[in-house]
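Colleague: here you go, sequence then predicted model.
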Amino acid sequence: MIKPDRIVIINDYASNQGGAGYLAGALAQGLAGRGVPVTTIVGDEGGSPAPIGADMIAFGGASLLDQSSATAAAHGIYNRRTAAQMRSWMTQHDTPRTLYHLHNWSNILSPSIFDALAPVAHRTVIHAHDYFLACPNGAYLDYSRAQVCNRDPLSLSCVMTRCDKRAHVHKLWRVARQAVLTTRLAPHLKAATFVAIHPDMHPALHRAIQPRQMVTIRNPISPFGPCAQQPERQRGIVHIGQVQRLKGVYDLANAGQALGLRIDFYGAGEDLADLQSRFACHRYHGWTDRTALAAHLQQARVVVVGSQSPEPFCLAAFEAAATGVPLVVSDAILAARELTKAGLALPFKAGNVADLTRVLGGVIRDDNLVAQLAGAARAAGPALGHGMDGWIDSHLDLYRQILQPAARQVASSDVLAPA
């Protein structure tokens, strides 16, 4: 059986605050626990500890929001320093059986990381945690209208639509970055392996890119802690995850205020301070570790997933369901139908405060309904995705498949090489 010499996990941030960061760290730690040599390369200063068993290399970059406008505009489109650092590391450490696994790149690493990885594209895995490989704003969301966008990326209609959450000039900058990305992706579309986290991501990504090889590895589902006991007797209405507009946090805050409910927001994000100032009636806990979340979910009646965009997986939603807590979910997320079909979630119209208020009102009034949803969550929630061990296994299987042709090429070159 062919084994990799090393897996190199690459991500913008060392922190596990956010789905991609958490998963990149969990993958590194899980692989190292199986005896696979792992190096994590992060674009930031690496302030968080390295995953257990893995080495960490920090490039020392800064988030685009932490740079001047001019510097961020240039580095966000093409970060030459990052590309040079990646090439330098590869020159010193690459081997024919070293695999590279790229996670998030859009905030620090930039499209330049694809140029650096081009010589090893056949040994590169590119993980699509979102839509930045295809869509300029990364979400297929028209922020100004709070509507899912079905335009073809970089079409005239796309370029002219004022969909950015800040300003149209920023949208035009994103279009420029996407145009650069498109050229840098070319060798990877032919040789790299792309990973989607939900099967329904494929059509959305294919609107802009046509990879030769794309597979689906659904995210791992691990309960936050012990199964919640009798959510129908609890009153807590909970949001878990990034506190930003596209997650529907303003919609939830408005609905809670209209119903006289106090919403518990667990998570950090760019809109946290503004949300706090506008809605002092709710509680804001900031980023919260899994142990504390497990304790808080014992008092939860329902977890609300309010995303306005076609979010691919919503890990916190699946993990809350696996903990036995019912869900109220936006119909925009890709998993809305399967969660509803499993009987553990109630849907509402994305971006529609009145509909969310209606659904939440029913949840508050009907204990029997909540008990029924909770029972389905206990029964079906843990089975809706991989466990962590199965998820690690899926990646190891993928790496071995990638190495099979690479190993044959190495053997052939060894035979044909002159003495």
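Modeller: Received the coordinates, thanks.

Colleague: drop to CA atoms for contacts and neighbour counts, all remaining ones
Modeller: Will do.

Colleague: what's the burial count for Ala316?
Modeller: 20 (other Cα atoms under 10 Å).

Colleague: mind saving the C-alpha coords of the one helix or strand it maps to as PDB?
Modeller: If you go by DSSP states H and E, Ala316 is part of helix 315-322. Presented in PDB, the C-alpha positions along helix 315-322 are these (Å, rounded to 0.1, in the frame of the first residue of the first chain):
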ATOM      1  CA  LEU A 315     -21.500  22.200  10.400                       C
ATOM      2  CA  ALA A 316     -22.800  23.700  13.600                       C
ATOM      3  CA  ALA A 317     -26.400  22.800  12.600                       C
ATOM      4  CA  PHE A 318     -25.500  19.200  12.000                       C
ATOM      5  CA  GLU A 319     -23.600  19.000  15.200                       C
ATOM      6  CA  ALA A 320     -26.400  20.600  17.200                       C
ATOM      7  CA  ALA A 321     -28.900  18.100  15.700                       C
ATOM      8  CA  ALA A 322     -26.500  15.300  16.600                       C
END
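
Colleague: adjacent strands (with direction) for the helix or strand following it?
Modeller: Toward the C-terminus, helix 315-322 is succeeded by strand 327-330 as the next helix or strand (DSSP H and E). Strand 327-330 sits in its sheet next to strand 300-305 (parallel), strand 345-348 (parallel), going by DSSP bridges.

Colleague: so which of these is the most packed in?
Modeller: strand 300-305 (a mean of 26; mean count of other Cα atoms under 10 Å).

Colleague: past the helix or strand harbouring Met90, which element shows up next along the chain?
Modeller: Using DSSP H and E, the element containing Met90 is helix 80-93. Scanning forward in sequence from helix 80-93 by DSSP H and E, the next helix or strand is strand 98-102.

Colleague: now do that following strand: which elements does it pack against?
Modeller: strand 6-11, strand 124-128 (3 or more Cα pairs under 8 Å, 6 or more residues apart in numbering; DSSP states H and E).

Colleague: closest to Asp142 out of those strands?
Modeller: Smallest distance to Asp142 across the helices and strands packed on strand 98-102 (Cα to Cα): 20.0 Å, for strand 124-128.

Colleague: which secondary structure elements does that closest one sit against?
Modeller: strand 98-102, strand 193-196.

Colleague: need the ones you listed in TSV (columns: distance to Ala345 and mean pLDDT).
Modeller: Formatted as TSV, these follow (distance: least, Cα to Cα, whole Å; pLDDT from 0 to 100):
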stretch	distance to Ala345	mean pLDDT
strand 98-102	32	98
strand 193-196	23	97
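
Colleague: wait, which of those strands is closest to Ser15?
Modeller: Of all these, strand 98-102 sits nearest to Ser15, with 15.4 Å by Cα to Cα.

Colleague: now do that closest one against strand 6-11, angle only.
Modeller: Orientation check (axes from the mean of the first three to the mean of the last three Cα atoms, to 10 degrees): strand 98-102 against strand 6-11 gives 20 degrees.

Colleague: what average pLDDT does the helix or strand that strand 98-102 is followed by get?
Modeller: Later in the chain than strand 98-102, the nearest helix or strand by DSSP H and E is helix 112-117. Helix 112-117 comes out with an average pLDDT of 98.

Colleague: go on, stretch 134-154?
Modeller: 93.

Colleague: got it, and stretch 211-219?
Modeller: When pLDDT is averaged over stretch 211-219, the result is 96.

Colleague: CA atoms of it as CSV?
Modeller: C-alpha atoms of stretch 211-219 as CSV (Å, rounded to 0.1, in the frame of the first residue of the first chain):
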residue,chain,number,x,y,z
PRO,A,211,-12.3,20.4,-12.7
ARG,A,212,-11.2,17.0,-14.2
GLN,A,213,-11.6,15.5,-10.8
MET,A,214,-14.2,16.6,-8.1
VAL,A,215,-15.3,14.4,-5.3
THR,A,216,-17.6,14.9,-2.2
ILE,A,217,-16.4,14.3,1.3
ARG,A,218,-19.2,15.5,3.7
ASN,A,219,-18.0,17.2,6.8
